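Sequence plus predicted model, see below.
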Amino acid sequence: MRSILQIVSLLALIALTLPSILLLAGRMELDMVKWLMLLASIVWFIAATPWMWKDNGAENQDA
C-alpha cells in the first residue's frame, strides 16, 4: 500500500510541474493550468499524507 501511495504522490508532483512548463511553452491556457495544478495538489496531499506520517509511538516502544 505504501509503495502505491508513493507512486501516486510522485505522479501528482509531476502533474504539478508539467502544466507550468506547458504554459510557458504556449501549449496550454492559464485557466486549464490552474485547474490541473489544483487537482494535482489535492491528489498529492491525499496520497502523500499517509506514507509520510511518522508514528513516534512505535519508535519509542522499540528502544
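Alright, I've got the coordinates. Residues are numbered from 1 along each chain as shown.

Centre-most residue in this protein?
Nearest to the centroid of the C-alpha atoms of the chain, with distances taken as CA atoms, centre = their mean, sits residue 44, at 2.5 Å.

Just give the nearest non-adjacent residue to that one, would you?
With CB to CB, 6 or more residues apart in numbering as the criterion, residue 44 has its nearest non-adjacent residue at 3.8 Å, and that residue is residue 12. Where you see a C-beta, it was placed from the backbone N, CA and C, and this is true even at glycine.

on that earlier part again, need the contact list for the residue nearest to the centre of the chain.
9, 12, 13, 16 (CB atoms under 8 Å, 6 or more residues apart in numbering).

what about it, helix or strand, and which?
helix 30-52 (DSSP states H and E).

Would you mark the buried spots in that helix?
33, 36, 37, 40, 43, 44, 47, 48 (16 or more other CB atoms under 10 Å).

What separation is there between the residue nearest to residue 44 and residue 20?
Per CB to CB, to the nearest Å, residue 12 is found 14 Å from residue 20.

what about the spatially closest residue to residue 41 that is not a sequence neighbour, neighbour count?
Spatial nearest neighbour of residue 41, chain neighbours left out: residue 16 (6.6 Å); criterion: CB to CB, 6+ apart. Close neighbours of residue 16, defined as other CB atoms under 10 Å, add up to 17.

Tell me the pLDDT of residue 16.
Note for residue 16: predicted pLDDT of 94.

any idea how far residue 32 is from it?
Look at residue 16 and residue 32: by CB to CB, they are 14 Å apart.

can you pull the contacts of residue 15?
Residue 15 makes contact with 36, 37, 39, 40, 43, according to CB under 8 Å, 6+ apart.

helix/strand/coil for it?
Taken by DSSP: H, G, I helix; E, B strand; the rest coil, the conformation at residue 15 corresponds to helix.

Least confident secondary structure element in the protein?
helix 56-62 (a mean of 56; mean pLDDT, DSSP states H and E).

sorry, back to before: now the contacts of residue 15 as TSV including pLDDT and distance to residue 26?
Shown next, in TSV, are the contacts of residue 15 (pLDDT from 0 to 100; distance: CB to CB, whole Å):
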residue	pLDDT	distance to residue 26
36	96	16
37	96	17
39	97	22
40	97	20
43	96	26
